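In: Here is the input, now give the coordinates:
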Amino acid sequence: MTTRRRFASNPAARAAQPAAAGPHASAGELHLQQESGTAAKAQRFYDTQMISYLNDAMQQFVRSMEMFFLATSDTHGYLDCSVRTGKAGFVQISDEKTLCYPEYRGNGVKASMGNIRETAALSLLFIDFENDSIGLHVNGRGKVLDSAQLPADLAMSARTDLELSNLGSRHPEHWVMVTVEAAYVHCSKHLPRMIKVPRETHRGSDQSRHKGGDYFGVAAESIRTGV
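Out: Got it, this is the predicted structure:
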């Protein structure tokens, strides 16, 4: 039987400091709230669920996650959405306002990091599909660092360091340091429950079969059409 996890904040911790709705609410959403008559409901969410830092419960939640979705944008508003994975603890937390995650060698495009270099804006979505079917949004500003630039207080834990040492040359090429501006819950009512199954991973591999090959047939189609 799966054990349900509860991440309770330290009762002695400071009172929650709501994140101001203004900087994180688009004009579009505010207009739709007015049109739909949900402005008061939305404001209650801003006031009671959105904060400008990671509280104790959120920090524990992030440390337990093995993946998150990452959204970025360039200066023209062209979007990119990706996913980052690792063993629990691969996202390092320095304090309530700062977290850091590794970037491994990928397809060479570097769309996410390129957007972060360009605009710094990013949004992370952590979801617990296995136990409580709940999610956590973390929005903020990112900075791309080389491993040598990683601040001492964000150095890898002994456990993570041991895991990485077993990957040979598959160490992170970069890290992204995130300054948290808003953190809030993603409700559970429409999230599916999933069961984790064993799977061999090949982090940082350049072998086509480990990367999915031409799964959607795009390369074959371009050869056929000459495009």
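In: Show me which helix or strand of this protein is least confident by mean pLDDT.
Out: helix 158-165 (a mean of 46; mean pLDDT, DSSP states H and E).
In: List the buried residues for the following helix or strand past that helix?
Out: Beyond helix 158-165 on the C-terminal side, the first helix or strand identified by DSSP states H and E is strand 174-186. For strand 174-186, the neighbour count (16 or more other C-beta atoms under 10 Å) marks His174, Trp175, Val176, Met177, Val178, Val180, Glu181, Ala182, Ala183, Tyr184 as buried. (Glycine included, C-beta is placed from N, CA and C.)
In: which of the residues you listed lies closest to Leu70?
Out: For the buried residues of strand 174-186, the minimum distance to Leu70 (C-beta to C-beta) is 8.7 Å, reached by Val176.
In: Tell me how far that closest one lies from Ser133.
Out: 27 Å (C-beta to C-beta, to the nearest Å).
In: tell me the pLDDT at the residue nearest the centre of the chain?
Out: Centroid-nearest residue in the chain: Leu124, 3.1 Å away (criterion: C-alpha atoms, centre = their mean). On pLDDT, Leu124 comes in at 98.
In: Please give the element, helix or strand, for it.
Out: strand 121-128.
In: so how far is the helix or strand following that strand off the chain centroid?
Out: Downstream of strand 121-128, the next assigned helix or strand under DSSP H and E is strand 134-146. Taking C-alpha atoms, centre = their mean, to the nearest Å, one finds strand 134-146 lying 6 Å from the centre of the chain it belongs to.
In: swap in stretch 176-189?
Out: With C-alpha atoms, centre = their mean, you get 8 Å for stretch 176-189.
In: Could I get the CA-only coordinates of that stretch as PDB?
Out: Provided in PDB are the C-alpha atoms of stretch 176-189 (Å, rounded to 0.1, in the frame of the first residue of the first chain):
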ATOM      1  CA  VAL A 176      20.100  27.000 -13.500                       C
ATOM      2  CA  MET A 177      19.800  29.000 -10.300                       C
ATOM      3  CA  VAL A 178      16.200  30.200  -9.700                       C
ATOM      4  CA  THR A 179      15.100  33.100  -7.600                       C
ATOM      5  CA  VAL A 180      11.600  32.400  -6.500                       C
ATOM      6  CA  GLU A 181       9.000  35.100  -7.100                       C
ATOM      7  CA  ALA A 182       5.700  33.100  -6.700                       C
ATOM      8  CA  ALA A 183       4.800  29.700  -5.400                       C
ATOM      9  CA  TYR A 184       1.400  28.200  -5.300                       C
ATOM     10  CA  VAL A 185      -0.600  24.900  -5.300                       C
ATOM     11  CA  HIS A 186      -1.900  23.200  -8.500                       C
ATOM     12  CA  CYS A 187      -5.200  21.600  -7.400                       C
ATOM     13  CA  SER A 188      -5.500  17.800  -7.500                       C
ATOM     14  CA  LYS A 189      -9.000  17.300  -8.800                       C
END
